[in-house]
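1. Any chance you can model this:
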Amino acid sequence: MSKQIHKAAGCLVNATLLWFLVLSACSSSQLQPQQAILGQWMNEQGGELYFYEDGTGFIPGNSGAINIPDVKFTYLFPDNTHLSLEMAGQQALTLVISIEGDKMTWRGVASGKEFVYTRRK
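-> Just a heads-up that it's a prediction; the model follows:
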């Protein structure tokens, strides 16, 4: 009887470890970029970006010393490492993207310039 109890306990431990691994793989850091990007982001200069689930986004304008109008855009992911932004009247901008936790880093494909944003909570 004790052999059966030990065997059952071993199976329970294995099942628990497997479940833990499955949950770890589904953590927010493992989200596909289409889900991980959703929400509000801010850069060090105070620039904000909003990404919505329907594939649209918003950049609030600035009425300070430099008057910049609000900008609406659409976005899509050609693959898991690239983001394409399209704003009215402009050519689509393709960026290399990396999202780790609350940090999003972009690098311009053509320019190589890097942009870093932090998720606003």
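
2. Any idea what residue 40 is bridged to?
-> For residue 40, the beta-bridge partners under DSSP bridges are residue 50.

3. what's the burial count for it?
-> Residue 40 has 15 neighbours, counted by other CB atoms under 10 Å. Where C-beta positions appear, they are placed from N, C-alpha and C, glycine not excepted.

4. pretty sure it is in contact with residue 52, am I right?
-> No - contact criterion CB atoms under 8 Å: residue 40 and residue 52 do not qualify, at 10.2 Å.

5. Could you look up the next helix or strand downstream of the worst-scoring helix or strand of the chain on mean pLDDT?
-> Every helix and strand of the chain was ranked by mean pLDDT, DSSP states H and E. The lowest is helix 2-25, at a mean of 40. Heading C-terminal from helix 2-25, the first helix or strand you meet, by DSSP states H and E, is helix 33-36.

6. centre of the chain versus that following helix, how much separation?
-> With CA atoms, centre = their mean, to the nearest Å as the basis, helix 33-36 stands 4 Å off its chain's centre.

7. That helix - contacts with which helices or strands?
-> strand 93-100 (3 or more CB pairs under 8 Å, 6 or more residues apart in numbering; DSSP states H and E).

8. CA atoms only for the strand it packs on - export them in PDB, please.
-> Below are the C-alpha coordinates for strand 93-100, written out as PDB (Å, rounded to 0.1, in the frame of the first residue of the first chain):
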ATOM      1  CA  LEU A  93       7.200  53.100 -40.700                       C
ATOM      2  CA  THR A  94       8.600  49.600 -40.000                       C
ATOM      3  CA  LEU A  95      10.400  49.100 -36.700                       C
ATOM      4  CA  VAL A  96      12.200  46.200 -35.000                       C
ATOM      5  CA  ILE A  97      10.400  45.800 -31.600                       C
ATOM      6  CA  SER A  98      11.200  44.100 -28.300                       C
ATOM      7  CA  ILE A  99       8.800  44.100 -25.300                       C
ATOM      8  CA  GLU A 100      10.100  42.700 -22.000                       C
END
